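*Asks:* structure, please.
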Amino acid sequence: MVLQLDLSCSFVMGSMVKASLPETREISGIMQGILEKISNAIDGTVILEDDSFYVLKRDGKKIDFSLEAEGLRKIGLLWKLIRNGLLEEGCILLWDEPEANLNPEL
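*Replies:* Numbers count the residues shown, from 1 in each chain. The predicted structure follows:
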């Protein structure tokens, strides 16, 4: 799967603090489409409970973020940043070595 992100506000990847902001109420259609692709890649959504991140899998299992593969955590962080409104259509995402831990099939 190829995720094509055409984003345009600047944000440097790596800050989980910003990912803990509340989720926005409205997500544009294009960003909703990206969220769906990311959800497919991580097989769920990212949630924050008791100051810890989890991936809520489609089968209902809640997996601690630290137990996910590094590449899936990076993609999951993108999901969370889009969902809380820090990455929007037109933003520029600066991400050092995005391929470092990603599986080529993703």
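*Asks:* what are the boundaries of the helices in this structure?
*Replies:* For the chain, the helices defined by DSSP state H occupy 16-19, 29-42, 70-83.
*Asks:* helices or strands up against the second one?
*Replies:* Contact here means 3 or more CB pairs under 8 Å, 6 or more residues apart in numbering; DSSP states H and E; on that basis helix 29-42 packs against helix 70-83. Just so you know, the C-beta spots here come from the backbone N, C-alpha and C atoms, and that holds for glycine as well.
*Asks:* show me where pLDDT drops low in the protein?
*Replies:* Applying pLDDT under 70 to the chain flags the ranges 1-22, 24-25, 101-106.
*Asks:* repeat the analysis, applying 50 as the threshold.
*Replies:* 1-15, 17 (pLDDT under 50).
*Asks:* gap between Y54 and D64?
*Replies:* 6 Å (CB to CB, to the nearest Å).
*Asks:* higher neighbour count, these two?
*Replies:* Neighbour comparison, Y54 and D64: the larger count goes to Y54, with 21 against 10 (by other CB atoms under 10 Å).
*Asks:* once you drop chain neighbours, what's closest to the more buried one?
*Replies:* With sequence-adjacent residues excluded and distances taken as CB to CB, 6 or more residues apart in numbering, Y54 is closest to K62, at 4.8 Å.
*Asks:* show me what contacts the one you found?
*Replies:* K62 sits next to I47, Y54, V55, L56 when contact means CB atoms under 8 Å, 6 or more residues apart in numbering.
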